[in-house]
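1. Provide a 3D model corresponding to the input given below.
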Amino acid sequence: MAITLPEKLKSYVERCAKEVRRGTSNAYVQGLIREDMRRSEQEQLELELVKGLRSKSRTVTPKKWTELKTRILKHL
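-> From the prediction side, this is the model:
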């Protein structure tokens, strides 16, 4: 994938890449995308937790705990 940026944005990305020691602007943008993915996954997890707390069923079986732990550990 190739992304074209206006010169002002390109300069900004290059400067930020140097400041945060990412090496290249490509690595900097990849880092931003990864951070965004983690943030999105965290938001989704929080929504699911809230949904669970609002549900009428409060019984959690050992199998369900194992499933929840597995899902949570994937996001850490």
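
2. how near is Ser57 to Trp65?
-> From Ser57 across to Trp65, the span is 14 Å (CB to CB, to the nearest Å). The way it works is simple: take the backbone N, C-alpha and C, and place the C-beta from them, glycine included.

3. Just want to know which of the two has more residues nearby.
-> More neighbours surround Trp65 than the other of Ser57 and Trp65, with 10 against 6 (other CB atoms under 10 Å).

4. Please identify the helix or strand for the more buried one.
-> helix 62-74 (DSSP states H and E).

5. same deal with Met37?
-> helix 25-54.

6. Which strands or helices does that helix pack on?
-> helix 7-19 (3 or more CB pairs under 8 Å, 6 or more residues apart in numbering; DSSP states H and E).

7. what comes up buried for the helix it packs on?
-> Across helix 7-19, burial judged by 16 or more other CB atoms under 10 Å covers Val13, Ala17.

8. The closest residue to Arg22 other than its chain neighbours and Glu19, how far apart?
-> Among residues not flanking Arg22 along the chain, Tyr28 sits closest, at 4.1 Å (CB to CB, 6 or more residues apart in numbering). Distance, Tyr28 to Glu19, using CB to CB: 9 Å.

9. Glu67 now?
-> 42 Å.

10. just how off-centre is the helix-or-strand element of the chain with minimal mean pLDDT within its chain?
-> Within the chain, no helix or strand scores below helix 62-74, which has a mean of 87 by mean pLDDT, DSSP states H and E. Here the centre of helix 62-74 is set off from its chain's centre by 19 Å, with CA atoms, centre = their mean, to the nearest Å.
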